[in-house]
Each structure stands twice: as C-alpha cells, then as structure tokens.
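Undergrad: Provided below are the primary sequence and the corresponding predicted coordinates.
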Amino acid sequence: MKRGTAPNWLTIYAVAYMVFLYAPVVLLPLFAFNDATIIAFPLSGFTTEWFKVLWSTDALHSAVGNSAVVAFVTALVSTFLGACAARASSRYSFPAQKGITGFIMLPLVLPEIIVAVSLIVMLMQLGLSLSLLTVVAGHVLICTPFSIAILSSAFAGLDQSLEEASFDLGESRWGTFRRVTLPLVMPGVISSLLICFTISLDEFIIAFFLTGTDATLPVYIWSQLRFPTKLPSVMALGTILLALSVGLLLLAEWFRRRAVRRQGLDASSSEGLL
Amino acid sequence: MARGLSREDKQGLTLIGLPFGYALIMLAAPLAMVVTFSFWTQNYLDIDRTLTLENYRAVFSQPIYQTLLWRSLRISLIVTVVTVVLAFPIAYYLSFHVKKNKALWLFLITVPFWTSYLLRVFLWKVILGYNGVLNTALLKAGIIEEPLTFILYNANAVVLTLAHAWAPFAILPIFVALEKIDRSLLEAAEDLGDGPFRRFWRVTFPLAIPGVVAATLIVLIPTVGDFITPKLVGGTDGLMVANMIQIQFGKANNAPLGAALAVTSMVVVAIISVGIYLVGRKIGGRVAR
C-alpha cells in the first residue's frame, strides 16, 4: 500500500475514539480509590475505605448471591440450548431451517424492554409470581443467541470424519459424543458459558421487570444510584465488576483460541491451520 | 430427496426442537399475549377483557404519547447516524491500516462495553455534570468561564451516552463487511485510473453497505427501547417512550396502555428497519461472481 497522509489522520482519529470509549471506564477506579464522598475532581487522596464498606453491606451480599445463581443457571441452560441449535444447523439440514434459527436468534435484535414487558404480561396472565426463576427465564432467552453464535463456529470446524471413524470403530452414539465430539467442542462450550454468565451478570432491564423481592446485582446498583452518599462504594463495586468481567472475557477468548488450535492440529481440518 | 422427512431431517428437527420450543413458549407466546393485552383495559386491579381500541386511541390522540414517540424516534435516529458515522472510520482503520494485532484492537474496543451498563451511563453523568469532569477541566484550562449547562439533562446527553454505549455494535458489522472486500478490486480501480477518493466512493463504500445497514439496525432497534439512559442523563426533555412504558407497568398501573405503547413503537421501528434494509439492498454494491 502507498504511504500518504490519510493513514496518519486516521490513526489520530482512532486514538481519539479510543479515548472517548475509555473516558467513563477510566473514571471508575479513580473514584473508587478517591478519599472523598463526592464524585468530582480534583481527587483528594487515596483510600480503600469504599471497598471495606462493600465488605459489610448485607444487601449487597445477597444481591451478589442472587446474581451468581441466576448467571450460573442461565449460562448452563443457554449453552445447552445453544449447543442443540448449533449442532442442528451445522450438522443437519431440515425443513424451515433458516426460519427456525432466525426466530431463535430474534432476541438479539429485539429491544430488551419488549422482551421484559411481554414476559411480565404472560406471567401476570398465568398468575405466576415473580422470582429469580423468572429472571433466569428471560436471561436464557437473550443469552441463547450469543451461545449459538459462539458454538456454531465450534461445531462448524468439527471434522465429521472423526465421528464417522468412531462409529466405524464400534462406539455407540453416546460414546462418540462423549469421547470424540464433546472434547473437540469443549473450549467453545466453556467460552459460551463464560460469555452467557457475563451477560446475565450485567443485564438490568429484564431483571428490573422480572425480579420479585430478591434483587440481582444491577437492580441493587440501580437502587443505590439514588443516594449520593452511596456513590463512592458503588464506584468500588463497579471497579471489582470491571476487573471480573475483563478476567472472564480473557478466559473465554483463551478457550476459544484453544478450540481453534485444537481442531486445527488434532483434527487437521482444512481450515484452522491458516 | 424423497417426500416426507428423511432420517437426517428428523434428527435435525429433534435437536433444534428444544431451543425452538423454548423460544416459542418464552418469546412467541408472550409477544402474542402482549398484542392481545394491548386491546384490553384495566380498572385499578381488574383487567377488562373486552377487545377495544381505547388504548391505541389514547396512544394516537394524547399529545404526551405522541411527543414521546416522536422524540424517541428522533433521538434514536440521531444516535444511530452519529454512532455509525463515528464508527465507520474506526472499522476502516482496523480493516485497511492495522496490519498486526487486529484481534487486540477488537478486544480493546469491546472491553468498555463489558463494564456494567448502568455504571457507564452514570459515569457520563459524572463527566457531563455542572461540576463534572468536563466542565472542571474546561474551566481550569480557561476555555470557558461558566460551566456548560447544555451538555447534561437533555437530548444531547442522551445521544452522546447512547453513541458511546453502542459503539462496538456499530464497529463490528462494518469491520466484517470491510474485511470481506476483495483487495484486488481496489487495485483494479487504481489501475483503471481512480484516485483514492473515487476508489473509496465507487468500490469500497458500496461494498461496505451491508455492514453499514447491519450496524444501523443493530443500533437503531434497541435504542428506541432504552429507558436507563433517558432517565439518568435525559432530564425531563430527554425522556423517551420506554420510560412511559415502564411507568405504565409500574406506578401508573395501566399495563394494557403500556402494552399498546410497546406494540406501537415496535411496529413503527419494524417498518423503518425494513425500509432501511430495502434501501441498503438497492444502493449496496455487488460483486458478480
């Protein structure tokens, strides 16, 4: 490619854009360790006080517990459903394939408030009460499409001849799945579990409409944003969450790459080794 | 293939059955119910199940709902244009100028998106406020004498915050579309005498249209339904239709009216989305194979 002035302008723009993207995120740890009760510059000093406050807030602990349960169950169920769908659309062809898959992926483009409102209307009509279970139901709906997106590539990269070889060597259907298919797509499965867990952990709108008395973490944070005195500890909480999310993401990415590598080397499939 | 379902078909259908069944029960049924619900009425705690257009009459005649619907639509469209226009050069930079570490750049772009959405919106309030980060910095630097007030608690703040929140969703589809462009086409354009400017508008941009359309829809559709951002940084002039839906389901205790508002905004957004999709198909470039 030719060297001109254009790339330089673009580089400056790219850097400015990254500053814009990171501006709010950078403030989070700054104010979390800031020794002042108001969230404003100039910073006054270093403290870990706000993290200690978190340690002794019971409402927060139960919210974290609720969120962990919801996110864990959501991750398991969505990844299971996602695996079914990804396997079905990569290995088999069946009538109305596009329509069915498209419908399952629909929550990806629906505003969350529509999902939340329609679920709450149905629950009201059925006379069911709201609980953490209803939050899980909503979260599975929006997480499954992400799981399908991740697992589709894992299943698509799977060399079918390996499964056929396993059948020929006398393995049963279940034995083949457990000993051949599952190990090959496992990194994709773990990556999907982590992504779904992270999405559910951060989801607010559906949780806000569908929780009963047990608040999840974002619902708890929302309730705290009204009280100015609580803000520094909310910043501390946000900092911990950010570190956690980034950690989970890095882990998910590492597993995804391992999946690609493993299939590329062990199965020597046509793609992957590029 | 023979008539009827083959074994392959059946195995595939059994596997897809579970997720599809889940989507039918948890999505199709509730959506159908919301539509029905919007034709009912509510008196305090009792739901009157006679079908009536009363809610829709209210939605289309009362000025407050009209104002909110138009404002939501206007803000969402502005957000979408701003987000996509700002995102395009980044996607272009990533695709054409970053040679190494593309994955790292993509990762860096998505990291802020994984911070709690609530906190990100709240932090914009911290940045834009009267005593906020931006005003303090500008005052210190002597650029302004009075704190700026037009940047928080209005539609501008909503646009800025949403443009930030949806940035990765706009960058990624455009990036994917740009990556797919066959680089030899660009060389061909150059060999045939096109300068960089003409080459971009005649080859690169038309071929990137599918990505731009995807980005537009991915940003436009959910922003119409957001109620956190308007509530935290929008002030009273920045409230949107989703805030009203939430109020109707909560304090106002008129869920059927809320449902009617939700259905109306969904239908309007769907029509606009189809329009954008069709226009994109029309003006987008195609490579003959």
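TA: Received the coordinates, thanks. Numbering: from 1, shown residues only, chains lettered A, B, ... in the order given.
Undergrad: which residues of the chain score low on pLDDT?
TA: Defaulting to chain A. Low-confidence regions of chain A, defined by pLDDT under 70, span residues A:1-7, A:41, A:259-260, A:262-274.
Undergrad: hmm, I had chain B in mind actually
TA: Across chain B (using pLDDT under 70), the flagged ranges come out as B:1-5, B:44, B:285-289.
Undergrad: can you tell me the closest non-neighbouring residue to B:Ser265?
TA: Leaving aside its chain neighbours, B:Ser265 sits nearest to B:Val241 (5.2 Å; criterion: Cβ to Cβ, 6 or more residues apart in numbering or on different chains). From N, CA and C alone the C-beta is placed, and that goes for glycine too.
Undergrad: list the contacts for the one you found?
TA: B:65, B:68-69, B:71-72, B:224, B:261, B:265 (Cβ atoms under 8 Å, 6 or more residues apart in numbering or on different chains).
Undergrad: ok, now with 10 Å
TA: A:113, B:59, B:65, B:67-73, B:75-76, B:224-227, B:230, B:261-262, B:264-265, B:268 (Cβ atoms under 10 Å, 6 or more residues apart in numbering or on different chains).
Undergrad: repeat that for B:Arg49.
TA: Taking Cβ under 10 Å, 6+ apart, we find B:Arg49 in contact with B:36-37, B:39-41.
Undergrad: how far away from the center of its chain is the helix ranked longest in chain A?
TA: Assignment by DSSP state H gives helix A:231-266 as the longest helix of chain A. Counting by Cα atoms, centre = their mean, to the nearest Å, helix A:231-266 is centred 10 Å from the centre of its parent chain.
Undergrad: same for it, what does it pack against?
TA: Applying 3 or more Cβ pairs under 10 Å, 6 or more residues apart in numbering or on different chains; DSSP states H and E, we find helix A:231-266 packed against helix A:6-32, helix A:49-55, helix A:58-91, helix A:132-156, helix A:182-202, helix A:217-224, helix B:102-110, helix B:117-128.
Undergrad: of all the ones you listed, which lies closest to B:Lys282?
TA: When the helices and strands packed on helix A:231-266 are compared for distance to B:Lys282 using Cβ to Cβ, the nearest one is helix A:132-156, at 28.1 Å.
Undergrad: any idea how far A:Ile205 is from the residue in the stretch 101-250 of chain A that chain B sits nearest to?
TA: Closest to chain B within the stretch 101-250 of chain A is A:Pro111: 2.5 Å, counting by Cβ to the nearest Cβ. A:Pro111 is 9 Å from A:Ile205, where distance means Cβ to Cβ, to the nearest Å.
Undergrad: and for these two, which residues touch both?
TA: With Cβ under 10 Å, 6+ apart as the test, A:Pro111 and A:Ile205 both reach A:117, B:222, B:225-227, B:242.
Undergrad: so of the residues you listed, which ones are in strands?
TA: Nothing among the shared contacts of A:Pro111 and A:Ile205 maps onto strands, per DSSP state E.
Undergrad: just the closest of the residues you listed to A:Gly238, please.
TA: Looking across those and measuring by Cβ to Cβ, the closest to A:Gly238 is B:Asp226, at 19.4 Å.
Undergrad: need the contact list for the nearest residue to that closest one once chain neighbours are set aside.
TA: Once flanking residues are discounted, B:Asp226 sits nearest to B:Ala242: 5.9 Å by Cβ to Cβ, 6+ apart. B:Ala242 sits next to A:111-114, A:117, A:205, B:68, B:72, B:223-231, B:261-262, B:265 when contact means Cβ under 10 Å, 6+ apart.
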